[in-house]
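S.K.: below are the sequence and a predicted model for it; my questions follow.
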There are 2 protein chains.
Amino acid sequence: MAKRSSSSMEVLLGMLTIESMSGYDLGQAVRDSIGHFWNESYGQIYPNLKKLAAGGFVTGKTEKQKGKPDRQIYSITKKGRERLAAWLKVEPQPEIPRNELLLKLFFAVQADPEDIYGFVEQMARSESVTLEKINGLDGEIAKLDRYPDAPYWKMALRFGQLELEAHQRWAAETLGELKKLNSRQRTASPARKEPRHGNN
Amino acid sequence: MAKRSSSSMEVLLGMLTIESMSGYDLGQAVRDSIGHFWNESYGQIYPNLKKLAAGGFVTGKTEKQKGKPDRQIYSITKKGRERLAAWLKVEPQPEIPRNELLLKLFFAVQADPEDIYGFVEQMARSESVTLEKINGLDGEIAKLDRYPDAPYWKMALRFGQLELEAHQRWAAETLGELKKLNSRQRTASPARKEPRHGNN
DNA sequence: AAATGCATGTAACGCGTTACATGATTTT
DNA sequence: AAAATCATGTAACGCGTTACATGCATTT
């Protein structure tokens, strides 16, 4: 058995406690509000909603629209809430890490220094965009303090802020180190085009 | 097609540039030296080594041992180095995030406050262990400065340090918030056993 | 006596992504 | 005229985990 329970259904249930939504809406909601720590593809969302409906955890109502295709609006049921509550009692599994950037950095002696430098730069740039997005969400949550969820949303957001700020500091520090290392390497062994390693 | 290239073979190649090893050794090396940002299971390592050998990226030599089972020692070939170099030129993909703790925190209104508090505490404790392990590695790398890789290894390690420190700060802050929130809730609505939501 | 470590491997299984399909409307 | 958005869905495919198998040696 390769059971990994995996919470893909429970995110949907959780989101539906906030508001009844269609599968399409759920995709957006996940991306826009918890995208910095969770993702869910439509290839997962639609089949899972069907399974949840078949199990009585959600109910769906068809909503007609003019011009646009019909929407299936899903609502969580009592049974769905119970399932969510049960899942919330289970200790969360730490995520198994797979950071490709760090992997390539770890093997960087085998690489072109310029490439590695570019990777770190690129990561810093793209994460700073994410950070700004998160900071934007912060302001939005502040306006939503009628929701009892708001304080928790803020804590989850805060995680992203602190983590990404740490990443930014690391990137700045690392880019400096890489620069020093590259210039030292260049002066130490000048005009070395092909790395010589005596293997096979 | 669901191609995700996935670097599982390249980690092995990368590790073999440091030293020739068996599959078993590779499993340990991954866990012990890059375990904080990468993981690889034996169910992946052994078949991948066979594939790499079949493609001429590594070569294996059987090593007899007394009492213990034979070891297959793998070495990277010229072709293997080329493959690694090619992979190192490709921009690393940002990891898709899946943080169960934050997910449960996000839906914490639906949960028992004590459970959530415990989850954050538990995460902080287990990550502080990881942090100590990383700090231990730091000292070991310092002794390995004959390796040209050492500076890069340090940068990868530093990432883990800064990130985990940020997590620790977040956890401390969040536990404080949760405590405040829980006491406020208890005084606001006393003796509420069943949450009343008008859904199905 | 039982459990853990060494060492290599295979098989089952499911999770998740990507690609594709459809078709109308709105934006560029 | 082309591309993107809305909206729902299915099928293919592979990655990765878990479990299982084997068997000897050492540790508890």
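M.R.: All right, it came through fine.
S.K.: mind telling me what element the closest residue to DNA strand D within chain A is part of?
M.R.: Per C-beta to the nearest atom of the strand, A:Tyr24 is where chain A lies closest to DNA strand D, at 2.8 Å. In this view, the C-beta of every residue, glycine as well, is placed from N, C-alpha and C. Secondary-structure assignment from DSSP states H and E places A:Tyr24 in helix A:23-34.
S.K.: could I get the buried residue list for that helix?
M.R.: Under the neighbour-count criterion of 16 or more other C-beta atoms under 10 Å in any protein chain shown, helix A:23-34 has A:23, A:25-27, A:29-30, A:33-34 buried.
S.K.: also stretch A:174-188?
M.R.: A:174, A:177-178, A:181.
S.K.: and stretch A:131-150, what's its mean pLDDT?
M.R.: Stretch A:131-150 comes out with an average pLDDT of 93.
S.K.: quick one: end-to-end distance for that stretch.
M.R.: Stretch A:131-150 has its terminal residues 19 Å apart, counting by C-alpha to C-alpha, to the nearest Å.
S.K.: any part of that stretch near chain B?
M.R.: Yes: using C-beta under 8 Å from any C-beta of the partner chain, stretch A:131-150 reaches chain B at A:148-149.
S.K.: then stretch A:43-56?
M.R.: No: judged by C-beta under 8 Å from any C-beta, stretch A:43-56 stays clear of chain B, getting no closer than 9.6 Å.
S.K.: domain parsing of chain A, as residue ranges.
M.R.: For chain A, automatic domain parsing gives the domain ranges A:8-88, A:100-188.
S.K.: okay, the angle between the longest helix seen in chain A and helix B:150-188?
M.R.: Longest helix in chain A by number of residues, with DSSP state H as the criterion: helix A:150-188. Put simply, helix A:150-188 runs at 170 degrees to helix B:150-188, going by axes from the mean of the first three to the mean of the last three C-alpha atoms, to 10 degrees.
S.K.: and helix A:150-188, what does it pack onto?
M.R.: If you count contacts as 3 or more C-beta pairs under 8 Å, 6 or more residues apart in numbering or on different chains; DSSP states H and E, helix A:150-188 packs onto helix A:113-142, helix B:100-106, helix B:150-188.
S.K.: rewinding a little: as JSON lines, the buried residues of stretch A:174-188 with pLDDT and distance to DNA strand C would be great.
M.R.: Putting the buried residues of stretch A:174-188 into JSON lines (pLDDT from 0 to 100; distance: C-beta to the nearest atom of the strand, whole Å) gives the following:
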{"residue": "A:Thr174", "pLDDT": "98", "distance to DNA strand C": "27"}
{"residue": "A:Glu177", "pLDDT": "98", "distance to DNA strand C": "31"}
{"residue": "A:Leu178", "pLDDT": "98", "distance to DNA strand C": "29"}
{"residue": "A:Leu181", "pLDDT": "95", "distance to DNA strand C": "33"}
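S.K.: show me the two of those residues that sit farthest apart.
M.R.: In the buried residues of stretch A:174-188, two members sit farther apart than any others by C-beta to C-beta. They are A:Thr174 and A:Leu181, at 10.2 Å.
S.K.: give me the mean pLDDT for stretch A:61-77.
M.R.: In this model, stretch A:61-77 has an average pLDDT of 88.
S.K.: quick one: buried residues of that stretch?
M.R.: So stretch A:61-77, judged by 16+ other C-beta under 10 Å, has buried residues A:71-77.
S.K.: stretch A:52-62 close to DNA strand D?
M.R.: No: against DNA strand D, stretch A:52-62 shows no contacts by C-beta under 7 Å from any atom of the strand, the least distance being 7.8 Å.
S.K.: buried residues in that stretch?
M.R.: For stretch A:52-62, by 16+ other C-beta under 10 Å, it's A:52-53, A:57-60.
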